[in-house]
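[1] Structure for this input, please:
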Amino acid sequence: QLQLVESGGGLVRPGGSLRLSCAASGFTLDYYAVGWFRQAPGKEREEISCLSGSGGSTKYADSVKGRFTISRDNAKNTVYLQMNSLKPEDTAVYYCNAQKYDSGWFNYWGQGTQVTVSS
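    Residues are numbered from 1 along each chain as shown. Reported below is the predicted structural model:
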């Protein structure tokens with residue numbers, strides 16, 4: 001079964017840190033562009049970070065720039081999102097996504113993991 005599985009979410013106090021993981025199964029993440037999205041209650045899903053298929057280019061939303069870091073470990077077939085200096089407004093369900101074009105689009109989403117930042 002081709003899927004992405006996120007883990008690492010939870011409850012953390014403001015200023016704390018979490019590391020989210022997104023493990024691919026049934027396919028390899030090599031050459032896939034990968035990204036992290038989040039959706040807060042009552043809001044649209046937003047892209048907060050992405051990493052190119054080559055791993056040479058990263059982008060961050062202004063809201064997380066300087067606090068979040070995206071990375072990938074191809075040997076573990078896993079993408080990470082290190083989140084530092086968390087704020088209550090970071091509370092959301094976080095999703096990972098992998099996509100590439102190879103004679104057609106290949107696009108996968110994880111099931112989401114809840115991150116709650118609260119004192």
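[2] all strands for this protein, in order.
    3-7, 10-12, 18-25, 33-39, 46-51, 58-60, 68-73, 78-83, 92-101, 105-109, 113-117 (DSSP state E).
[3] buried residues in the third one?
    When neighbours are counted by 16 or more other CB atoms under 10 Å, the buried residues of strand 18-25 are found to be Leu18, Leu20, Ser21, Cys22, Ala23, Ala24. Using the backbone N, CA and C atoms, a C-beta is placed for each residue, glycine as well.
[4] give me the number of residues near the residue nearest to Phe68 when sequence neighbours are not counted?
    Leaving aside its chain neighbours, Phe68 sits nearest to Met83 (5.1 Å; criterion: CB to CB, 6 or more residues apart in numbering). A count of neighbours around Met83, defined by other CB atoms under 10 Å, yields 26.
[5] Met83 touches Thr113, doesn't it?
    No. Proximity of Met83 to Thr113 does not meet the contact threshold set by CB atoms under 8 Å, at 11.5 Å.
[6] joint contacts of those two?
    Common contact partners of Met83 and Thr113 (CB atoms under 8 Å, 6 or more residues apart in numbering): Leu20.
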